[in-house]
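>>> how would this look folded up:
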Amino acid sequence: MYIVSCYLSYLAISIAVTIWVARTLHRSGRVFLLDAFHGNAALADSVNQLLVVGFYLVNIGYIALALKTAEALTSLRALIELESGKIGVVLLILGGMHFFNMFVLARMRRRSAARVEA
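Numbers count the residues shown, from 1 in each chain. Here you go, the predicted structure:
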């Protein structure tokens with residue numbers, strides 16, 4: 001009984017957080033991408049959408065792979081500890097992906113600014 005509850009709540013929480021983060025990044029990232037692509041709205045929107053799709057694929061793929069467990073869940077405490085560990089890893093991956101994307105986009109922005117100045 002505990003294992004099914006753990007799986008369902010893990011999926012619900014992880015996917016909800018992934019959707020929330022993706023929507024936030026999509027909405028807030030547009031301005032950054034417009035600046036990085038010198039006002040080219042079509043290119044910025046296209047890259048923004050591609051980043052969101054990749055974000056969903058990587059995160060939901062990991063969530064699905066991390067779903068299984070070999071641990072016996074005999075108490076509510078064991079369920080909470082297992083689930084918090086799994087959700088914590090999902091949150092770390094979300095944060096890591098965000099900072100990696102920001103790093104790559106900042107480098108792209110610097111390179112394009114250097115080309116404009118040259």
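
>>> biggest helix in the protein, by residue count?
For the chain, the helix with the greatest residue count under DSSP state H is helix 76-117.

>>> Compute the mean per-residue pLDDT across that one, please.
Helix 76-117 comes out with an average pLDDT of 83.

>>> swap in stretch 17-24?
For stretch 17-24, mean pLDDT rounds to 90.

>>> in it, what's buried?
Along stretch 17-24, these residues count as buried under the neighbour rule (16 or more other CB atoms under 10 Å): Val17, Thr18, Val21, Ala22. The C-beta positions use only the backbone N, C-alpha and C, and glycine is treated the same way.

>>> so who does the residue nearest the centre of the chain touch?
Centroid-nearest residue in the chain, with CA atoms, centre = their mean: Leu94, separated by 3.7 Å. Going by CB atoms under 8 Å, 6 or more residues apart in numbering, Leu94 touches Val17, Thr18, Val21, Asn59.

>>> Next one: the first one from Phe103, what distance?
The one in question is Val17. From Val17 across to Phe103, the span is 22 Å (CB to CB, to the nearest Å).

>>> Centre of the chain to stretch 106-117, how far?
Relative to the chain's own centre, stretch 106-117 is displaced by 26 Å; criterion: CA atoms, centre = their mean, to the nearest Å.

>>> Quick one: residues in contact with it.
Here stretch 106-117 has contacts from Asp35, Ala36, Phe37, His38, using CB under 8 Å, 6+ apart.

>>> re the thing from before, closest to Val47 out of the buried residues of stretch 17-24?
Nearest to Val47 among the buried residues of stretch 17-24 is Ala22, at 14.4 Å by CB to CB.

>>> between the strand or helix carrying that closest one and helix 76-117, how many degrees?
Counting by DSSP states H and E, the element that carries Ala22 is helix 2-36. Angle, helix 2-36 to helix 76-117, by axes from the mean of the first three to the mean of the last three CA atoms, to 10 degrees: 10 degrees.

>>> other SSEs contacting the helix or strand that helix 2-36 is followed by?
Remark: after helix 2-36, the chain's next helix or strand is helix 41-65, criterion DSSP H and E. Counting contacts by 3 or more CB pairs under 8 Å, 6 or more residues apart in numbering; DSSP states H and E, helix 41-65 packs against helix 2-36, helix 76-117.
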